[in-house]
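> need coordinates for the following:
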Amino acid sequence: MAPLRAHTFRWFFASRSVNLLGNTMAPVALAFGVLEVSDSPTALGAVLAAHMIPMVALLLLGGVLADRLGRGRVIQVSNVVSGVSRGSMAVLLLTGTAQLWHLVALAAVAGVAAALGMPALNGIVPALVPRERLQEANVLLSFTRAGLMVVGPSLSAGLVVTVGAGWALLIDAATWLVAALLLLPVRIPPRTGPQHTLIVELREGWDFFRGTTWLWVGVSAFAVLNALHEGGLTLLGPVQASRTSIGEEGWGLALSAQAVGALLVTIAFMRWSMRRPLLLGMLGNALFGVPMLVLALWPQTTPLVIACFVSGIGVQVFSLGWALAMQENVPDEMLPRAYSYDQLGSFAVIPLGQLAMGPLALRFGIADVLLVAGLAYVAICLLTLVPASVRRLARATEPDLIPSRAG
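Numbering: from 1, shown residues only. Prediction:
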């Protein structure tokens, strides 16, 4: 890539890497932090939903702001607000003064910040990297994410067991603030050309979204898949682990095994080009439902670790495939808005899953709910491949061999 772009991408890469370290620790820390305040799965569902609902409500605004104000600036503000909210959670947990409503309110603040930052974050890579090197850049980011996920969950689980969940959340908060500082040299100017009203720009994004079959079909599937995963594995998984021989340490080990699987397949994609990103991606994503099935049928540490390792391979294949499909097949000036509709649809039903899974588990049992969720997850992934526009979507550029360096 050009020297200026390479220099800017390095700063973005450093910022993202620091932030990912905290993010890989946060799910374990937050889950068991809430369970310190209340051991009810309904309480954990309320905190997770409090984060998700404002995020879903404001995602479209985030996509427009990224176009108008500049993607780098929007990400910086989002990082600072996220760091302050996570830090406040940590202090409350560390001082023993945390109440459930505190965590719900702070989770909502973090959800607002995420809504403003996510479309800009997802749309920034094509602005920093030439199109012919997008797979290389995405693989580098995925490799870093997977590598940190090997360490983060186990480190977080170790902190939870030894000194409490608050310390893990405090580290997460610090990474958001450091990430904001590292973004200072990254200059992505706002979109040039005529700007329309907010309603007009949202309508333009909607027209593109509904006119792109592979996009709306995929997002429609993700709406249900994410609700099943977040309500099933993310919510009920830690509860099932805490009530079986898996425990907190086994849960952290399983999440780390998932990252090892993702890391290995990322190394493979440093050499292989993904020619049918959605076909391969949705097949891989079906493996993400396997840990729910294992938690339901065989809730022990070793089977869960193996299942999470396999699911890590699958979800990483999907993650790379979807990123390439979006970045290569959506015009750059439309990308943040397309991502905002993508994320709105993908996340819209998650609060329902988070709020419903707890009561369903109390009524029918955690194992039965996890079993149904896992089976439905796999089936939906496979049904998504029925439309030809999903199966046959090809790369906009199809290099035979991906170069070995990102800069």
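
> make it CA atoms for all contacts and neighbour counts henceforth
Will do.

> excluding its backbone neighbours, what's nearest Ala180?
Using C-alpha to C-alpha, 6 or more residues apart in numbering and skipping residues adjacent in sequence, the residue nearest Ala180 is Gln76, 4.8 Å away.

> for that neighbour, give me phi and psi.
Dihedral pair for Gln76: phi -60, psi -50, per degrees, to the nearest 10.

> so for it, what's the pLDDT?
You'll see Gln76 listed with a pLDDT of 83.

> same deal with Val386?
Predicted confidence (pLDDT) for Val386: 90.

> roughly how far does it sit from Ala221?
Distance from Val386 to Ala221, counting by C-alpha to C-alpha, to the nearest Å: 12 Å.

> and those two? Which one has more around it.
More neighbours surround Ala221 than the other of Val386 and Ala221, with 17 against 11 (other C-alpha atoms under 10 Å).

> host element of that one?
Assignment of secondary structure by DSSP states H and E places Ala221 within helix 213-229.

> what comes up buried for that helix?
By neighbour count, with 16 or more other C-alpha atoms under 10 Å as the criterion, the buried positions of helix 213-229 are 214-219, 221-229.

> likewise stretch 159-179?
When burial is assessed from 16+ other C-alpha under 10 Å, stretch 159-179 yields the following buried residues: 159-160, 164-179.

> and stretch 35-48, by the same measure?
Neighbour-count burial for stretch 35-48 flags Leu35, Glu36, Val37, Pro41, Thr42, Ala43, Leu44, Gly45, Ala46, Val47, Leu48 (criterion: 16+ other C-alpha under 10 Å).

> wouldn't the fifth one be in contact with Ala361 here?
No - the pair Thr42 and Ala361 fails to qualify as a contact (C-alpha atoms under 8 Å) at a distance of 9.4 Å.

> for burial, what's the neighbour tally of the residue lying closest to Leu320 once chain neighbours are set aside?
Closest residue to Leu320 in three dimensions, ignoring its sequence neighbours and counting by C-alpha to C-alpha, 6+ apart: Asn138, at 6.8 Å. Applying other C-alpha under 10 Å, we find 23 other residues in the vicinity of Asn138.

> where are the low-confidence patches of the stretch 251-400 of the chain?
Screening the stretch 251-400 of the chain residue by residue with the criterion pLDDT under 70, one finds the ranges 396-400.

> hey, C-alpha coordinates of stretch 370-388 in PDB?
Taking Å, rounded to 0.1, in the frame of the first residue of the first chain, the C-alpha atoms of stretch 370-388 are listed here in PDB:
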ATOM      1  CA  LEU A 370     -29.600 -24.800  24.800                       C
ATOM      2  CA  LEU A 371     -30.400 -27.900  22.800                       C
ATOM      3  CA  VAL A 372     -33.200 -26.300  20.800                       C
ATOM      4  CA  ALA A 373     -31.100 -23.100  20.300                       C
ATOM      5  CA  GLY A 374     -28.200 -25.100  19.000                       C
ATOM      6  CA  LEU A 375     -30.200 -27.200  16.500                       C
ATOM      7  CA  ALA A 376     -32.100 -24.100  15.200                       C
ATOM      8  CA  TYR A 377     -28.700 -22.200  14.800                       C
ATOM      9  CA  VAL A 378     -27.300 -24.900  12.600                       C
ATOM     10  CA  ALA A 379     -30.500 -25.300  10.500                       C
ATOM     11  CA  ILE A 380     -30.800 -21.500   9.800                       C
ATOM     12  CA  CYS A 381     -27.100 -21.300   8.600                       C
ATOM     13  CA  LEU A 382     -27.700 -24.000   6.100                       C
ATOM     14  CA  LEU A 383     -31.100 -22.600   4.900                       C
ATOM     15  CA  THR A 384     -29.400 -19.200   4.200                       C
ATOM     16  CA  LEU A 385     -27.500 -20.900   1.400                       C
ATOM     17  CA  VAL A 386     -30.700 -21.700  -0.600                       C
ATOM     18  CA  PRO A 387     -30.700 -18.300  -2.500                       C
ATOM     19  CA  ALA A 388     -28.200 -18.400  -5.400                       C
END
